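**Student:** Here is my input, please return the structure:
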Amino acid sequence: MIAIVWEFIVKEASIPAFRQAYGPHGDWAALFGQYPGYEGTTLLQDTTATARFLTIDRWQGEALFRKMRRDSQPSYSRLDRRFGELTVSERELGVFHCIRELLPHDVERGSSAQGSGAPQ
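**Tutor:** Model prediction:
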């Protein structure tokens, strides 16, 4: 699994609209959910700088994410233009592999492949 992480600085007056559009049940999640491999979105708001947000979009793999980007280009661009006015800035922080940590019950059962720390 991969996670694509974005950072946004949102206009103060636009925070409620941003939270709605970028949250786990928002417009972006609705678009992503139309494509295979989408696992969900997490929206985080900074506790100190409350206009700063992170989104974490989880996909089964980078190839599925890239396919969605190609196949949804008109819709993706439309949402990007529509919600771009809510933010002061946005930047992609990166694409990350999700690492599954070995849990105590995995050790007791002798798991190795799932808990190896290798990208899932």
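**Student:** any weak-confidence spans in the chain?
**Tutor:** 101-103, 105-120 (pLDDT under 70).
**Student:** Paired strands for the lengthiest strand in the chain, with orientation please.
**Tutor:** Using DSSP state E to define each element, the chain has its longest strand at strand 87-97. According to DSSP bridges, strand 87-97 forms sheet pairs with strand 2-10 (antiparallel).
**Student:** List the buried residues in the partner strand.
**Tutor:** Across strand 2-10, burial judged by 16 or more other Cβ atoms under 10 Å covers 2-6, 8, 10. Using the backbone N, CA and C atoms, a C-beta is placed for each residue, glycine as well.
**Student:** which of the residues you listed sit farthest apart?
**Tutor:** Maximum pairwise distance among those (Cβ to Cβ): 24.6 Å, between Ile2 and Val10.
**Student:** burial measure for Arg58, as a count.
**Tutor:** 18 (other Cβ atoms under 10 Å).
**Student:** That one: what secondary structure?
**Tutor:** Judged by DSSP: H, G, I helix; E, B strand; the rest coil, the three-state class of Arg58 is strand.
**Student:** from what I can see it touches Gly33, true?
**Tutor:** No: counting by Cβ atoms under 8 Å, Arg58 stays clear of Gly33, with 11.8 Å between them.
**Student:** of the buried residues of strand 2-10, closest to Arg81?
**Tutor:** Phe8 (15.3 Å).
**Student:** ok, now which ones touch that closest one?
**Tutor:** Listed by Cβ atoms under 8 Å, 6 or more residues apart in numbering, the contact partners of Phe8 are 18, 22, 52-55, 87, 89-90.
**Student:** Next: Glu85.
**Tutor:** Neighbour list for Glu85: Ser14 [criterion: Cβ under 8 Å, 6+ apart].
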